[in-house]
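In: Can you look at this prediction? I've put the sequence above it.
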Amino acid sequence: MSVPEGFSILNITGTFTMNKTLSDDTDEVLRLQGVGWAKRRLISYATITLYIKHYKDDEGIEHVDIDQKLTGGIPGTTENRTLIWKERHNEDHLFGPVIGKSRRVKVEELEGEEEWLKTGWSEDTIEHGVIQAYAESDTAKSGTTWIANQTWGVEVLNDERRYIRHLHFTGPGGEDIKARLVYDYYGPN
């Protein structure tokens, strides 16, 4: 389902469900991140819902807090992102120790980044900048190495404006995977 009129990357607050028909398969990404076969199988059947709260604090700093829920008894994850491009360490029950950073950035400022992260966005997303969410395994703690670099925004897909994420994933053996994650909008939180 498309996002409502007036929805933009400036405020992505809402409830979203991953549209697995329109999204690219992420099983190989999960495998390379160390998620076991049984859990990946459960995830493939689960409905993934994001409850997003996007706001600015008293100092004007943008925050995106995401509570992710999965059906089938699989614990979800919580992401509390501050868009200041500063590394934050997190212990994720699914991915293990992770180092991440996030920011709002104009696509032309994504120097050295894949075109995949820069293209396809709506005019208003280009105008206001995408949200870049970068995460990597904390190799010293996890014993594995991977990088997940994402850009988030609004994209027109099949004549509908949708909240979408572009993922560029680099695995422990240099595997290079690009995926588009498409979300259906289900309303405000």
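Out: Cool, the structure landed.
In: now the helices for this protein?
Out: 27-32, 37-45, 115-118, 123-128, 139-142 (DSSP state H).
In: closest one to Asp159 among those?
Out: helix 123-128 (15.1 Å; C-beta to C-beta). (C-beta placed from N, C-alpha, C; glycine too.)
In: Packing partners of the closest one?
Out: Packed against helix 123-128 by the contact rule (3 or more C-beta pairs under 8 Å, 6 or more residues apart in numbering; DSSP states H and E) you find strand 147-157.
In: which helices and strands does the strand it packs on pack with?
Out: Partner elements for strand 147-157 (3+ C-beta pairs under 8 Å, 6+ apart): helix 115-118, helix 123-128, strand 130-137, strand 160-170.
In: Please identify which of these is closest to Glu87.
Out: strand 130-137 (9.1 Å).
In: Give the partner strands of the closest one in its sheet and their orientations.
Out: With DSSP bridges as the test, strand 130-137 is paired with strand 96-105 (antiparallel), strand 147-157 (antiparallel).
In: Select, out of the helices and strands packed on strand 147-157, the one closest to Thr21.
Out: strand 160-170 (12.4 Å).
In: May I see the buried residues of that closest one?
Out: Arg161, Arg162, Tyr163, Ile164, Arg165, His166, Leu167, His168, Phe169, Thr170 (16 or more other C-beta atoms under 10 Å).
In: next one: stretch 61-73
Out: Buried, per 16+ other C-beta under 10 Å, within stretch 61-73: Glu62, Val64, Ile66, Asp67, Gln68, Lys69, Leu70.
In: Return that stretch as CSV; C-alpha atoms alone will do.
Out: Listed next in CSV are the C-alpha coordinates belonging to stretch 61-73 (Å, rounded to 0.1, in the frame of the first residue of the first chain):
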residue,chain,number,x,y,z
ILE,A,61,18.6,16.5,16.2
GLU,A,62,16.6,14.0,14.2
HIS,A,63,15.8,10.6,15.7
VAL,A,64,14.3,7.5,14.1
ASP,A,65,13.2,4.9,16.6
ILE,A,66,12.0,1.6,15.1
ASP,A,67,10.3,-1.2,16.9
GLN,A,68,10.3,-4.2,14.6
LYS,A,69,7.9,-7.1,15.3
LEU,A,70,7.7,-10.5,13.6
THR,A,71,4.8,-12.9,13.6
GLY,A,72,5.5,-16.6,14.6
GLY,A,73,7.1,-15.9,18.0
